[in-house]
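Q: just the structure for this:
(one chain, ligands or ions: 3)
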Amino acid sequence: MTPIKLLIDAGNTRVKTALMDADGHIEPWFNLPYEDILAQQLPATVNVCWLSLVGGPQQHKLLEKWLGHKLAVHQVESEAQAFGVSNAYAEPRTLGIDRWLAMLGAYNEQPKATVIIDAGTAITVDWVTADGRHLGGWIAPGVDLMQTAVTSRAPRVFTRQEQMWGRVNQLGTSTPDGLLDGCVNMFAGIVRQAIYVSEVELDWFDFRLLFSGGSTPLLPIELKRRGEHRSELVLQGLALYANT
Ligand SMILES: Nc1ncnc2c1ncn2[C@@H]1O[C@H](COP(=O)(O)OP(=O)(O)O)[C@@H](O)[C@H]1O
Ligand SMILES: CC(C)(COP(=O)(O)O)[C@@H](O)C(=O)NCCC(=O)O
Ligand SMILES: [K+]
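A: Ligands and ions are numbered 1, 2, ... in the order given. Presented below is the predicted three-dimensional model:
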């Protein structure tokens, strides 16, 4: 493919990108922490970029430094409605652009009742009905943040740099294991609660459960099997805007 457009999903921790050609085909490019993006060489054929940014001024500055003045940048904002989806927020622009785009990406792929759980820096959960109504959602700390929240206020609690995988359903027998297991299980718990609310409160019996974000692999297999791992939803939403 000859890429002409760059799509950027700039989270609070990592930057995910894709390239789009003149026919609207997209191909994933990289998923890197901010400090590593400057080393990435932009393809010479790319002249325009579509940006989803939830990070602050520091992250914005890094992106500007990377892109230089070579590209026209379209920064997308959440809207009251677009591409068949209506935003539940009374102030639509205050909904995280990553959450908005993930809903557009999912709904335009399959217009069906959908729950999207994005577990990155924060964990967000959003509900969209089969007719494209966003009902609202949740914002909770991500797994790393949960651990930092405890260690920053309790001097005797500490973490060890170690693999987080496979910790769900474990009972910790040391401080770092107990903290890790507690936080990973908090994540599993919010997923179970989201399923409960969908089935019992909303009476949904046939819905898509989509997982995205860097912490998805921490979920136990029985929860992963209830849904699909779809980390490119924000980029798919951006592609809708880039194709207009
Ligand atoms: N390659 C990786 N190795 C270890 N942890 C990762 C990796 N990628 C993502 N994570 C975890 O996921 C989080 C970032 O996921 P991501 O969905 O990219 O977040 P955001 O959109 O907030 O930038 C990190 O805080 C970390 O917990
Ligand atoms: C909730 C978020 C911090 C999630 O960001 P992420 O974890 O993907 O980096 C982001 O979507 C955001 O800043 N939202 C604005 C507030 C809102 O959605 O209501
Ligand atoms: K998130």
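Q: any residues of the chain in contact with ligand 3? List them.
A: By Cβ under 5 Å from the ion, the residues of the chain that approach ligand 3 are 118, 120, 122, 124. C-betas here are computed from N, CA, C, even on glycine.
Q: contacting ligand 1 as well, which ones from the residues you listed?
A: For ligand 1, the contacts drawn from the residues of the chain next to ligand 3 by Cβ under 6 Å from any ligand atom are Gly120.
Q: which one among the residues of the chain next to ligand 3 gets closest to ligand 1?
A: Using Cβ to the nearest ligand atom, Gly120 is the member of the residues of the chain next to ligand 3 that sits closest to ligand 1, with 2.4 Å.
Q: tally of neighbours for the residue nearest to Glu199 when sequence neighbours are not counted?
A: In space, not counting the residues next to it along the chain, Glu199 is nearest to Phe205; the distance is 6.9 Å by Cβ to Cβ, 6 or more residues apart in numbering. The local packing of Phe205 (other Cβ atoms under 10 Å) involves 8 other residues.
Q: so Val191 sits against Val115, correct?
A: No: the pair Val191 / Val115 is not scored as a contact, 9.3 Å apart, by Cβ atoms under 8 Å.
Q: the residue nearest to Glu199 in helix, strand or coil?
A: Counting by DSSP: H, G, I helix; E, B strand; the rest coil, the backbone at Phe205 sits in coil.
Q: for it, give me phi and psi.
A: Backbone torsions of Phe205, given as degrees, to the nearest 10, read phi -120, psi -20.
Q: test my guess that it contacts Ala130.
A: No: applying Cβ under 8 Å, one finds Phe205 not in contact with Ala130, separated by 11.9 Å.
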